[in-house]
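J.: quick one, structure for this:
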Amino acid sequence: MDAPGGSPADPSLDRYARLVSRVLGTPIALVSLIEEGRQVFPGACGLPTDVDVARETPLSHSFCQYVVADRAPVVIADARLDERLRSNPAIPELGVIAYAGWPITDHTGTIVGSLCAIDTEPRAWTSYDLEMLEDLAAACSAELAERGLRGRAAVGERAAQDLTHRSRVLLALSEGLSGTTTMSDVAGAVELIAVGQLGCLHAGIWLRGDEEGAGHDAPEVLTFVAPPTVTWESAVRNAVLPYNDTNPMGGAAVHGQAEYFSDKDVQNALYPHLDTVKQVGEARSFQPLISRGAVLGTLALVWESAHPLTEEDRVTIEALASYSAQAVQRAGLLQERLDALVTLQSALLPALPESECLELAARYRPAASRDQVGGDWYDVVVTPSGATSLMVGDVVGHDIAAAAVMGQLRTMLRTIAWTLGDGPAAQVQRLDRAMQDLAVDAMATLVYARVEAEDGSDGRTLHWTNAGHPPPLLVTSDGEVVFLDEGVPDLMVGVQPDTERVDGTARLPRGSTVLLYTDGLVERRGETITDGLDRLADAVRRHHALGVDDFLDALLGDLVGRHLADDVAVLAVRLRV
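T.: The predicted structure is shown next:
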């Protein structure tokens, strides 16, 4: 047990002291270790009560210090006659007269103290006494060495465990963050890793920027990035925080230094003005997210109970913050790239012309995933003859190159449509040949349709050709749905320029609507195209009576929602009643 107010007693080392006392017949025996400013007695036998309780004395009372200093045994028959020891306070205060101390060593071979026999009377130490003391000191040294080696092994094991844990966390970080492309993805991955690997209750990211809708002159704020599934209610309540040191989140970002609080009372003492009634958890850490010298925001970690952070914890958390900052920066760059792609594609899409006999509406929606933008387009051209040409197409690929090719094909086809008055099949065949002659290396599916007046009738005729594209849909004013899929679609453009193409023909009664669309509207992973077309037909029947703009919005809402897996372009043309 530990001596109250003193140094710990060690039962095993006490046994060595008792052995020395019995074998050598001395009233006092000690295992004495020298430390800075004092000597301690983890093993002792025969000490006065007050010293036995304390298990230590100042070095001024130490004979053992000379064993360590001399690196050799110290054997004294009468300390009162020894020039070095005669003034030692241990003589009058503890009754130390005769002393025999043998060096004891630790696991490194360093002399750390002595195993000593003490008599309160003068004594001539025999060779037997000293041989026994030497043997017992060797055994005591062996035990100290074993303890030291076990301690070193334990330290090494803890270090190995810490290293393994850190490696596991870093591996989880690398795997979890490598596939993230949106800020929400990053936030979700960070929370999953922090909860699973660091034992956190919650983890969240607040990003630096202007408050939405506050104008350019508004002060900067930190805004919470919601993961796909939000469970941290406090984060939602504090979704926008000032970018200053009035709060720990802002303070970490502004000063570029982490803030650690072992429990929330420590935090509240520094930030007493904050509303802490609804705080969850106890320990918390706020890490600035810094990448390439720029502060991007703050990472907040919260543990359920008090959680003093070790140095290893801090290193691991800093690694989490560094990885997170890189992922945030990458997601930001991807967002900028996507915004540029969407801006480019939107700029390439045309304004719809006015028509006395037709109502026109179109929509373009980019995919929700990064870089999934580029190839879908629609166009409407009113020709000099009064006919209206309708086009919807999809270039193979989803990147900026596909967007550029889309612009080329749309421009080429609208030029052909405006200049030449023959049928859709002939015009698409010209496009195919032009792609070869002008070295436009791409492939695309498309539907090209032409609405023309009928002689002596108030209806219209639709001529179309299909180059490997989902079929156009015709819905009458009373909700009858027909897919215009006569025969097998022709080959897509960009494959074989001399492909023979055919036209289809259908009559458009007043109030009927033609819908052209790209495959993102109907195709789903794990389904056949028939499933998607059936779903489209059902939605068209439900919403065909709406105005064309509302009709398209309703279809998009039913069929693709907010998170599109692919780009979608849709064009609706309704013959006015």
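
J.: can you give me the strands in the stretch 51-200 of the chain?
T.: Under the criterion DSSP state E, counting those that start in this stretch, strands of the stretch 51-200 of the chain are mapped to 56-58, 74-76, 98-105, 111-119.

J.: quick check: domain ranges of this protein?
T.: Listed by automatic domain parsing, the domain ranges of the chain are 11-151, 183-339, 349-575.

J.: for the ones you listed, give me CSV that also has distance to Leu173 and mean neighbour count.
T.: Where C-beta positions appear, they are placed from N, C-alpha and C, glycine not excepted. As requested, these are exported to CSV (distance: least, Cβ to Cβ, whole Å; neighbours: other Cβ atoms under 10 Å):
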stretch, distance to Leu173, mean neighbour count
domain 11-151, 32, 18
domain 183-339, 4, 18
domain 349-575, 20, 18
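
J.: mind putting these into JSON lines with distance to Leu171 and mean pLDDT?
T.: Formatted as JSON lines, the domains of the chain follow (distance: least, Cβ to Cβ, whole Å; pLDDT from 0 to 100):
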{"stretch": "domain 11-151", "distance to Leu171": "30", "mean pLDDT": "93"}
{"stretch": "domain 183-339", "distance to Leu171": "9", "mean pLDDT": "84"}
{"stretch": "domain 349-575", "distance to Leu171": "24", "mean pLDDT": "87"}
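
J.: before we move on, back to that, make a markdown table from the strands of the stretch 51-200 of the chain and add distance to Leu555 to it.
T.: Below are the strands of the stretch 51-200 of the chain laid out as a markdown table (distance: least, Cβ to Cβ, whole Å):
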| stretch | distance to Leu555 |
| --- | --- |
| strand 56-58 | 87 |
| strand 74-76 | 100 |
| strand 98-105 | 87 |
| strand 111-119 | 85 |
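
J.: so which of the domains of the chain gets nearest Ala172?
T.: Judged by Cβ to Cβ, the one of the domains of the chain that comes nearest to Ala172 is domain 183-339, at 5.1 Å.

J.: now the terminal residues of the closest one, how far apart.
T.: Using Cα to Cα, to the nearest Å, the end-to-end distance of domain 183-339 comes out at 14 Å.

J.: what's Val568 in contact with, if anything?
T.: By Cβ atoms under 8 Å, 6 or more residues apart in numbering, the contact list for Val568 reads 363-365, 376, 517-518, 520-521, 556, 560.

J.: if we go to 7 Å?
T.: Taking Cβ atoms under 7 Å, 6 or more residues apart in numbering, we find Val568 in contact with 365, 376, 518, 520-521, 556, 560.

J.: before we move on, what SS does the residue nearest to it when sequence neighbours are not counted have?
T.: Counting by Cβ to Cβ, 6 or more residues apart in numbering, Val568 lies nearest to Gly520, which is 3.9 Å off, once chain neighbours are set aside. Judged by DSSP: H, G, I helix; E, B strand; the rest coil, the three-state class of Gly520 is helix.

J.: over to the one 4 residues further on?
T.: Assigned by three-state DSSP, the conformation of Arg524 is coil.

J.: for Thr518, see how far away it is.
T.: The gap separating Arg524 from Thr518 is 14 Å, by Cβ to Cβ, to the nearest Å.

J.: same deal with Leu338?
T.: Applying Cβ to Cβ, the value for Leu338 to Thr518 is 18 Å.

J.: now Leu446
T.: Computed as Cβ to Cβ, the Leu446 to Thr518 distance reads 9 Å.

J.: then Val395?
T.: Look at Val395 and Thr518: by Cβ to Cβ, they are 10 Å apart.

J.: swap in Asp531?
T.: Look at Asp531 and Thr518: by Cβ to Cβ, they are 17 Å apart.

J.: and the residue nearest the centre of the chain, what does it touch?
T.: Taking Cα atoms, centre = their mean, the centroid of the chain lies closest to Val190, which sits 3.1 Å from it. Going by Cβ under 7 Å, 6+ apart, Val190 touches 203, 205, 299, 324.

J.: among these, which are in strands?
T.: Counting by DSSP state E, the contacts of Val190 place 203, 205, 299 in strands.

J.: would you turn the residues you listed into a markdown table with distance to Ser178?
T.: Formatted as a markdown table, the ones in strands among the contacts of Val190 follow (distance: Cβ to Cβ, whole Å):
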| residue | distance to Ser178 |
| --- | --- |
| Ala203 | 18 |
| Ile205 | 17 |
| Leu299 | 18 |
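
J.: so which of those is the closest to Met406?
T.: Of the ones in strands among the contacts of Val190, the one sitting nearest to Met406 (Cβ to Cβ) turns out to be Ile205, at 35.5 Å.

J.: which parts of this structure are helices?
T.: Using DSSP state H, the helices of the chain run over residues 11-24, 49-54, 64-70, 90-94, 127-178, 183-198, 233-237, 248-255, 264-270, 311-348, 400-419, 424-437, 529-543, 548-559.

J.: just the angle for the fifth one relative to helix 311-348, thanks.
T.: Think helix 127-178. Going by axes from the mean of the first three to the mean of the last three Cα atoms, to 10 degrees, helix 127-178 is angled at 10 degrees with respect to helix 311-348.

J.: centre of the chain to helix 127-178, how far?
T.: Per Cα atoms, centre = their mean, to the nearest Å, the displacement of helix 127-178 from the mean C-alpha position of its chain is 35 Å.

J.: over to the fourth one?
T.: Here helix 90-94 is found 67 Å from its chain centre; the criterion is Cα atoms, centre = their mean.

J.: what comes into contact with it?
T.: 48, 51, 61, 63, 79-80, 96-97.

J.: and of these, the nearest to Gly113?
T.: Closest approach to Gly113 among the contacts of helix 90-94 (Cβ to Cβ): Phe63, at 11.1 Å.

J.: give the closest residue to the closest one in space, chain neighbours not counted.
T.: Counting by Cβ to Cβ, 6+ apart, Phe63 lies nearest to Tyr99, which is 4.9 Å off, once chain neighbours are set aside.

J.: any idea how far that neighbour is from Arg450?
T.: According to Cβ to Cβ, Tyr99 stands 118 Å off from Arg450.

J.: follow-up on the earlier one: thought the residue nearest to Val568 was touching Leu556?
T.: No. When contacts are counted by Cβ atoms under 7 Å, Gly520 is not listed as touching Leu556 (10.2 Å).

J.: before we move on, the earlier item: redo the contacts of Val568 as JSON lines? Include distance to Trp125.
T.: What follows is the contacts of Val568, written out as JSON lines (distance: Cβ to Cβ, whole Å):
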{"residue": "Arg365", "distance to Trp125": "99"}
{"residue": "Asp376", "distance to Trp125": "102"}
{"residue": "Thr518", "distance to Trp125": "104"}
{"residue": "Gly520", "distance to Trp125": "99"}
{"residue": "Leu521", "distance to Trp125": "103"}
{"residue": "Leu556", "distance to Trp125": "102"}
{"residue": "Val560", "distance to Trp125": "98"}
